[in-house]
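Asks: Sequence first, predicted coordinates after that:
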Amino acid sequence: MNNPCSQITWSGTPPTTVQLTGSGWVEAAWGVPAGKSFAATCRLLLPETEEPFWCIPGLFWGDNQQDRTGQYYPRFRAGMDAPRRFESSFWEFSVARAAQPVAAMFDGVGCWILQVTPAAGDLCASVGFEYEHGRPVLVASLPASERPYRNAGHDYTMPVIGSSTSDHARKIIWAVRALRLEGGCSSLLDFLQTNYHAQEDRAFVLPEADYAGTTRNALMNWHYHPGDHYFRYTVAFDRVGQQIAEAMGASLDRHEMALGWVNGWVVFEALIEYAVKRSDAEALQAVEDVWKNLTGSGLVSPSGYWWTRFAPSRGRTQGIFDSKSPDGFDGNWMPDPDHLHMRTLGDAVWRAARSLRRHGKSLSFSSAVQDQLVVQAGQVAGLARRGWPLPLSVDARTGEPTGLHGTAAMIWISVWAELAAMGQWSDTALIAQGLDHYRADVESGQLFGAPEDVGECVTSEDIYIAVNAYLDGYRVTRRPRDLETALQAARWIYIWRKAFNHSLDPRTIIGVYQLKSRGGDLASFKNNHVHLYGLDAEESLLELATLTGDNRWRELADDHWKFAAQLTPVVDGQFNAYEGMVTEQFYFIDWSALGNSVRQFEDDERRSSYDVGPHYRNHGNLAGFSHAWCTAFVLRSALRRTL
């Protein structure tokens with residue numbers, strides 16, 4: 001193909017005109033009479049390919065078949081007679097679900113790309129692919145079609161074929177373009193990086209706001225449970241609703257505390273830094289009291305590892321978020337409560353080590369915690385010496401691997417590097433071995449398994465872990481190739497980073513506040529929502545900018561901070577919250593964390609955790625509760641940006 005754009009074909013409503021612009025885009029226009037329906041699809045038919053490798057940023061990387069846990073989310077399988085249980089030979093998604101409005105395919109030599117403008121007026125577009133008899137096709141539609149399933153996060157995942165009708169005559173203009181890039185995945189990452197930094201409409205930060213102070217207050221005033229000395233995972237914005245729930249023997253708040261990842265040391269580290277920087281004795285005492293409670297209640301499991309969750313019974317009806325063990329400790333959200341997720345555990349140990357290195361003199365428990373960190377790091381080192389990769393889960397009773405696979409256990413490289421910086425770890429050869437082992441995974445982009453709730457899915461959190469691990473490891477090894485791999489890991493952020501803003505009704509919460517989706521990161525192929533967990537890689541991105549002189553890494557970090565800051569209420573009543581309460585989910589995308597099924601139109605024994613009904617749609621609103629990790633991440637980032 002000399003000019004890929006010349007190979008684009010149209011179906012549905014025929015365009016009135018189609019012209020190639022000087023910038024290489026194909027601009028199609030339609031004159032649609034009043035009362036006439038409109039639906040158009042463009043296709044780019046590609047040469048035969050036996051093993052197509054797909055990319056829709058934030059939704060597809062390859063075939064999405066690396067996960068063996070049976071989770072439902074979009075996966076590609078060639079040769080299927082009909083789609084079944086989220087596997088299909090064709091997919092199409094609203095561009096709202098994607099990081100960039102792009103569908104791409106690698107053919108082993110280069111990359112074909114179909115890019116569209118995200119919307120035409122109030123019509124949102126979709127992108128996707130088809131594959132039949134060895135012929136791959138990149139497709140895009142206006143208005144958006146979603147097929148064969150909607151990745152909506154509940155039971156109502158039926159496909160939607162886009163069509164639009166208006167009482168008024170309309171002129172619709174939509175632009176698309178087709179590209180051919182030679183080379184491997186680096187050519188696509190260069191393309192996505194350029195696209196991202198070309199966009200200018202960023203979120204805003206209120207210069208007069210004390211984001212650190214407000215989020216500190218939210219953690220201490222609302223998440224902290226001083227009577228029982230723990231931090232609640234989530235706290236409802238609506239305290240009258242909480243009163244009603246408690247009167248019924250239930251709770252809108254989640255009285256559980258993971259030790260890492262989404263609570264525990266994520267919160268402790270932020271409050272310790274705040275306490276030291278602003279001389280906050282109350283916050284420091286809260287951390288001391290919580291840790292004393294944990295260690296006195298049975299934190300250390302029979303294997304010598306910490307348990308990864310404390311969720312004591314509260315004397316009411318047993319809830320699904322309460323631990324069933326007598327002392328309230330278990331393996332957090334793992335299917336087997338005696339199994340520990342090695343990313344969650346490693347996250348807690350890493351943050352604890354970093355807190356001791358930076359602020360250990362301010363903590364009365366430093367010596368005891370340090371001993372526990374060294375013991376656990378040594379046990380994981382023993383697993384590594386038995387053979388790489390590290391297991392993603394172990395049995396809390398024996399310390400033996402339990403079968404979960406993924407790359408996220410590389411977080412223990414960061415643990416060993418932190419202990420080495422403290423003078424508590426001497427086996428730097430093991431750090432180098434770990435970096436060498438996981439390097440191929442970073443280069444391929446097959447990084448998966450970090451969050452406990454998505455099985456072995458590829459996620460953006462796995463990218464942050466890799467960026468941190470290779471930069472932490474580089475400080476120990478000083479090998480240039482480790483810095484290069486840290487940079488390669490950082491480039492994968494562009495697969496997840498939102499490069500454009502959604503247009504939402506100005507009467508919605510997101511519309512009223514003019515909140516920007518650009519700068520946020522999609523969570524995973526399964527959890528199709530925009531989050532702020534990328535703040536966990538902020539320090540590393542800023543350091544990469546300094547080490548390389550490439551200011552795009554600083555811009556990437558700054559944009560994510562601005563995205564997060566705009567979601568932080570700075571006064572009581574903003575977003576119907578109290579100051580500093582940060583929710584994980586502003587619904588820029590119609591998605592909910594209820595678990596997909598296909599039971600409405602296929603034989604399926606699965607059920608979502610709650611039947612939302614056929615009229616449910618999360619779009620433009622928010623989840624009305626504060627998350628401990630979101631609030632703590634904003635607190636730490638704000639402190640870094642405060643003189």
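Replies: Okay, I see it.
Asks: Dump stretch 351-359 to PDB, restricted to CA.
Replies: Output of stretch 351-359 as PDB, limited to C-alpha atoms (Å, rounded to 0.1, in the frame of the first residue of the first chain):
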ATOM      1  CA  ARG A 351       7.000   1.300  51.600                       C
ATOM      2  CA  ALA A 352       7.900   0.300  55.200                       C
ATOM      3  CA  ALA A 353      11.600   0.100  54.200                       C
ATOM      4  CA  ARG A 354      11.400   3.400  52.400                       C
ATOM      5  CA  SER A 355       9.800   5.000  55.400                       C
ATOM      6  CA  LEU A 356      12.400   3.700  57.800                       C
ATOM      7  CA  ARG A 357      15.200   4.800  55.500                       C
ATOM      8  CA  ARG A 358      13.800   8.400  55.300                       C
ATOM      9  CA  HIS A 359      12.200   8.900  58.600                       C
END
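Asks: name the helices or strands packed onto the longest strand along the chain?
Replies: Looking across the chain with DSSP state E, the single longest strand is strand 170-182. Here strand 170-182 touches strand 26-32, strand 40-45, strand 110-116, strand 119-120, strand 135-142, helix 185-198, going by 3 or more Cβ pairs under 8 Å, 6 or more residues apart in numbering; DSSP states H and E. All C-beta spots, glycine's among them, are computed from the backbone N, C-alpha and C.
Asks: What angle do strand 26-32 and the third one make with each other?
Replies: What it means is strand 110-116. If you take axes from the mean of the first three to the mean of the last three Cα atoms, to 10 degrees, strand 110-116 sits at 30 degrees to strand 26-32.
Asks: For strand 110-116, which outside residues touch it?
Replies: 4, 42, 44, 46, 55, 95, 100-105, 125, 127, 136, 138-140, 142, 174-183, 185, 187-188, 191, 195 (Cβ atoms under 8 Å, 6 or more residues apart in numbering).
Asks: Neighbouring strands - and their directions - for that strand?
Replies: Here strand 110-116 is paired, per DSSP bridges, with strand 102-106 (antiparallel), strand 170-182 (antiparallel).
Asks: Geometric centre of this structure: which residue is closest?
Replies: Closest residue to the average C-alpha location of the chain: residue 523 at 2.1 Å, with Cα atoms, centre = their mean.
Asks: Chain neighbours aside, what residue packs nearest to that residue?
Replies: residue 531 (4.9 Å; Cβ to Cβ, 6 or more residues apart in numbering).
Asks: The one you found: neighbouring residues, count only.
Replies: Neighbour count of residue 531, defined by other Cβ atoms under 10 Å: 25.
Asks: re earlier: I'd like to know which of the strands paired with strand 110-116 lies nearest to residue 305.
Replies: Closest to residue 305 of the strands paired with strand 110-116, according to Cβ to Cβ: strand 102-106, at 40.3 Å.
Asks: Next one: the residue nearest to the centre of the chain from residue 156, what distance?
Replies: Noted for residue 523: a distance of 20 Å to residue 156, by Cβ to Cβ, to the nearest Å.
Asks: Residue 491 too?
Replies: From residue 491 to residue 156 the distance is 36 Å (Cβ to Cβ).
Asks: try residue 225
Replies: Per Cβ to Cβ, residue 225 is found 36 Å from residue 156.
Asks: what about those two, which has more around it?
Replies: residue 156 (21 against 17).
Asks: I figured the more buried one was touching residue 610, is that so?
Replies: No: counting by Cβ atoms under 8 Å, residue 156 sits too far from residue 610 to count as a contact (11.7 Å).
Asks: what do the two both touch?
Replies: By Cβ under 8 Å, 6+ apart, no residue touches both residue 156 and residue 610.
Asks: send the alpha carbons of the helix or strand where residue 277 lies over as PDB?
Replies: Per DSSP states H and E, residue 277 falls inside helix 265-278. The C-alpha atoms that make up helix 265-278 are tabulated as PDB, following Å, rounded to 0.1, in the frame of the first residue of the first chain:
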ATOM      1  CA  TRP A 265       1.700   1.300  54.500                       C
ATOM      2  CA  VAL A 266       0.300   3.400  51.600                       C
ATOM      3  CA  VAL A 267      -1.400   5.500  54.300                       C
ATOM      4  CA  PHE A 268       1.300   5.200  57.000                       C
ATOM      5  CA  GLU A 269       4.000   6.400  54.600                       C
ATOM      6  CA  ALA A 270       2.000   9.500  53.600                       C
ATOM      7  CA  LEU A 271       1.100  10.400  57.200                       C
ATOM      8  CA  ILE A 272       4.700   9.800  58.400                       C
ATOM      9  CA  GLU A 273       6.000  12.200  55.700                       C
ATOM     10  CA  TYR A 274       3.400  14.800  56.500                       C
ATOM     11  CA  ALA A 275       4.100  14.500  60.300                       C
ATOM     12  CA  VAL A 276       7.800  15.000  59.800                       C
ATOM     13  CA  LYS A 277       7.500  17.800  57.300                       C
ATOM     14  CA  ARG A 278       4.800  19.700  59.200                       C
END
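Asks: Report all helices and strands that that helix contacts.
Replies: In terms of contacts (3+ Cβ pairs under 8 Å, 6+ apart), helix 265-278 is packed against helix 211-218, helix 281-297, helix 342-359, helix 628-640.
Asks: Let me have those helices in JSON lines, adding mean pLDDT and mean neighbour count as columns.
Replies: Converted to JSON lines, those look like this (pLDDT from 0 to 100; neighbours: other Cβ atoms under 10 Å):
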{"stretch": "helix 211-218", "mean pLDDT": "98", "mean neighbour count": "24"}
{"stretch": "helix 281-297", "mean pLDDT": "97", "mean neighbour count": "17"}
{"stretch": "helix 342-359", "mean pLDDT": "98", "mean neighbour count": "25"}
{"stretch": "helix 628-640", "mean pLDDT": "98", "mean neighbour count": "25"}
